[in-house]
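Student: mind looking at a prediction? Sequence and model below.
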Amino acid sequence: MLEQQLINALSLGSVYALFALGFTLVFGVLGVINLSHGAIFMLGSYAALLLVEQLALPLWLAMLTAMLAAGCLGLLIDFLVLRPLRKRNAPHLAPMIATIGVAIMLTNLAQGLFGAANQRFPVGTIPEDSFTVKDMHVTEVQIGIVLISFGLMVMLLAVMRRTQLGRALRAIAESPKAAYLLGVNVEGLFFLTSFTAAALGGAAGVLVGLSFNAISPFMGQPMLHKGIAVIILGGMGDIRGALIGGLFLGFAEVMTIAYISSDLRDAVAFGLLFLILLVRPSGMFGKVLERKA
Amino acid sequence: MLQFDHVSKNFGGLQVLQDVSFSVPQGGIFGLIGPNGAGKTTVFNLITGLIRKSGGAITFNGNALDGVAPHKITRLGIARTFQNIRVFKEMTLLQNVVVGMHDQLDYGVAGVLLNLASFRQAEERARERALELLSWVRLEHKAHALADSLSYGEQRKLEFARALATNPKLLLLDEPVAGMNPSEKTELMAEMINIKQRGFSIFLIEHDMRFVMGLCDQIAVLNFGKIIAQGGPDEIKNNPEVIEAYLGKEEAA
Amino acid sequence: MAEWWEGFWLTYNTVVYGVGVNALLALSIYLTLSCGLLSMANAAFMGIGAYAAALISMQTDLSFPVALAASAALPALVAMLIGIPTLRLSGVYLAMATLGFGEVVRVSVINLEFTGGPMGLNGIPPKTEFWHIVLILALTLYCLARLRRSKIGRAFEAIKEDEIAARLMGVNVARYKLLAFVLGAIIAGLAGGLNAHYTFTIGPNNYGFDHAVDILTMAVFGGTSTLIGPTLGAAILTLLPEALRDLNNYRLAVNGLILILVILYLPQGLWDPRRIRAFWQKRREQRTAGKVI
């Protein structure tokens, strides 16, 4: 029934949006397509799992810690891989290829460490409660997902729009050199952005892990593909775009599963991607690409 | 040869060119001057098909330059250099110039794959012509060096030679001496007169007044997207509007 | 001696074939890179070629050369169709679009009946022989070498350096990009057709994102400035896992690490004529200056 699907779509879409947000932040500020974002997402999920399993942390604390851990991982990747490439003015596809290498390493290491099979949160970790309002079934998890995702997104938007920090970040997104000349600590803000983006990705990982209760080393890959579709849909580097694009994708997927066929679920993202690239490559909010005459 | 008739161009709400009319005669060197932001490079971009005009007509030797794709512009006989140099940095000087001859190399796939005489001869001729052009700008001794290793002034000369390789009837030069020292400027000036004498027509955009006055046969002045004067160097020098808009600022500076 | 050879061949013939096939794949992506295009679609084209050839061999009585011709023709057709709209995109957008295309192909193949669905095709007649691979590889290398020395090769390089300048030199950029794309698809398709006929089975997951990344790694690792680079890269990266059998579980992680290290420290790849020349130049200078090496 439609309202039920809308609820599912909202929940799915907000996670897509949250994931895409980190992705688009890195592109907007650092100018890099970080293809290891999916792996960070996956490791965030495992981090929460381990913290709950081994240290019996309450879920909220595990999530926070996992976000922190993911953020540190993002920082490490930036410091070890992206920063050296910045320093030597590498051609602009080089960082992207390098992050592919990082993604492969992290995924394979996770496979080696944790095994390839799906893992679940210990029984009782995930809140089981749900509400039924007029035939509509909403689980506590779904509510949590929407609240947390939107909460994080609103916070990020507030920072970007209303603080000095946000202004500095937007200046860097326009032109790192100009920002530098204006006295902005560009390198420091690059680190901060990498950390934040990764933390958001980790958060998305935990939420997805809770939502489907199936954590595997390979969960990052399809998510990454969806993330790519979302940021191209919404406009690369644009935060509103990631939000709206994510919700839109969630909606499109849920509708497809419900009314067409669940087999085509993964094709939806790419179908949309293709369409947008043909019609308006800059996406909904991206700056229009210079049309070569 | 090249005619602008009431051409206008706006980007969104910004009117960059307004009712621009001038005529570039065949043979000789024609200069377009004006303060920064007057719209000079836009004029070149319109001619070479990189952007579309908003109104008016541009004709070259009777052909309308209306939505002609940039790579076809060369076939019509127009070549261009750029304000911010666009040489192919990782290619040698020789290769750079030979790219300019792309359209003139008339061999097919069979020739390429089977190393036929048609291919070999065409390539050989292209090489020789490229070396000749490099000698016109006195760079033939560096033919096998990478374009990246050249000095700024030398890279400008390379762009010049490369443009000549397309065998143009009209050469568009966008600030050809920007960033050069006085001796390089004098050298290029002599080379351009040389080129003119070989039968090429030149249309250039420049800021350096001495260079323009000393070199051009005809000059047009652009200010805020409008042509405010057109004529020979002496007329322009003494035109009060021009002095106010452009030369005045130079003298004050 | 003959016995040893037979034994060796029986065990390792697929590895040797693999080197040839991977060399073709690496060359196919080299071709697009030489034109400035980062296309991640070649794994998908390989798949299209593989399925086309396999279906012909399994469903009809047509000979092997015909199947191979199809493995070149069908990808070429598809490349022309999707090339025209997508090649207008540049850099990162093109990479994303081709990635998306690859996924669309994979999902379609999984969901179609005649391609055997997720299980793929089984029991493909073994028709590939050593000389097939050698011949096709040699022909490819020859044609690419000749192309490099002609106006076509120069046009590719000019486009890669500066599209606008190339355009104004009379190069029809759109047409040449399409040419590089289609030729790359043909080579990848042939690799697929050859590969299918010695592995007996093919499936949709052989031609996905992971494989596209493998191909890119081989080319980037080997070096993309000459034809030797991709061939060398393919050879080393195909033989290396055999040599590193013990690390089998972490083989992918090693791949990822190699990619990162190459991007960071050998940005032009292993076979970089300029670096090699500079190295020998330095040694010569040191010798003549009488310094002890």
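Tutor: Received, thanks.

Student: tally of neighbours for residue 51?
Tutor: Chain wasn't specified; assuming chain A. 21 (other CB atoms under 10 Å in any protein chain shown). Where C-beta positions appear, they are placed from N, C-alpha and C, glycine not excepted.

Student: oops, chain C please
Tutor: When neighbours are counted by other CB under 10 Å, residue C:51 comes out with 28.

Student: and if you look at residue A:133?
Tutor: Neighbours around residue A:133, by other CB under 10 Å: 9.

Student: got phi/psi on it?
Tutor: phi -120, psi 110 (degrees, to the nearest 10).

Student: and it, what pLDDT?
Tutor: The model reports residue A:133 with a pLDDT of 75.

Student: what of residue C:245?
Tutor: At residue C:245, pLDDT is 64.

Student: what residue ranges in chain A score low on pLDDT?
Tutor: For chain A, the stretches with pLDDT under 70 are A:92, A:281-283, A:285-293.

Student: would you map the helices across it?
Tutor: Using DSSP state H, the helices assigned to chain A run over residues A:2-30, A:37-55, A:59-77, A:83-87, A:94-114, A:140-162, A:164-174, A:176-181, A:186-212, A:220-234, A:239-259, A:265-279.

Student: most tightly packed of those?
Tutor: Highest mean neighbour count of these: helix A:220-234, a mean of 26 (counted as mean count of other CB atoms under 10 Å in any protein chain shown).

Student: please state the offset of it from the chain centre?
Tutor: Relative to its chain's centre, helix A:220-234 lies at 8 Å (CA atoms, centre = their mean, to the nearest Å).

Student: ok, and the closest non-adjacent residue to residue B:88?
Tutor: residue C:161 (4.2 Å; CB to CB, 6 or more residues apart in numbering or on different chains).

Student: thinking again about what came up before, figure out which of the helices of chain A is closest to chain C.
Tutor: Minimum separation from chain C across the helices of chain A (CB to the nearest CB) falls at helix A:94-114, 3.2 Å.

Student: got the CA positions of the closest one in CSV?
Tutor: C-alpha atoms of helix A:94-114 as CSV (Å, rounded to 0.1, in the frame of the first residue of the first chain):
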residue,chain,number,x,y,z
ALA,A,94,45.1,9.7,-10.1
PRO,A,95,43.5,10.2,-6.6
MET,A,96,40.4,8.4,-7.8
ILE,A,97,42.4,5.4,-9.0
ALA,A,98,44.4,5.4,-5.8
THR,A,99,41.2,5.3,-3.8
ILE,A,100,40.1,2.3,-5.8
GLY,A,101,43.3,0.6,-4.6
VAL,A,102,42.4,1.5,-1.0
ALA,A,103,38.9,0.1,-1.4
ILE,A,104,40.2,-3.2,-2.7
MET,A,105,42.7,-3.5,0.1
LEU,A,106,40.2,-2.7,2.8
THR,A,107,37.5,-5.0,1.4
ASN,A,108,39.9,-7.9,1.0
LEU,A,109,41.4,-7.3,4.5
ALA,A,110,37.9,-7.3,5.9
GLN,A,111,37.2,-10.5,4.1
GLY,A,112,40.3,-12.1,5.5
LEU,A,113,39.7,-10.8,9.1
PHE,A,114,36.0,-11.4,9.3
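
Student: ok, residue B:54 - contacts?
Tutor: Neighbour list for residue B:54: B:8, B:9, B:10 [criterion: CB atoms under 8 Å, 6 or more residues apart in numbering or on different chains].

Student: for residue A:44, same thing?
Tutor: A:66, A:67, A:69, A:70, A:201, A:202, A:203, A:204, A:205, A:206.

Student: residue A:79: how many residues sit nearby?
Tutor: By other CB under 10 Å, the residues close to residue A:79 number 13.

Student: for residue B:182, same thing?
Tutor: Neighbourhood size, residue B:182 [other CB under 10 Å]: 11.

Student: that older thread, would you format the contacts of residue B:54 as TSV with neighbour count, pLDDT and secondary structure included?
Tutor: Formatted as TSV, the contacts of residue B:54 follow (neighbours: other CB atoms under 10 Å in any protein chain shown; pLDDT from 0 to 100; DSSP: H, G, I helix; E, B strand; the rest coil):
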residue	neighbour count	pLDDT	secondary structure
B:8	16	86	strand
B:9	22	87	strand
B:10	14	84	strand
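
Student: which residues sit in contact with residue 148?
Tutor: The chain I'm using is chain A. A:203, A:207.

Student: to clarify, I was referring to chain C.
Tutor: residue C:227.
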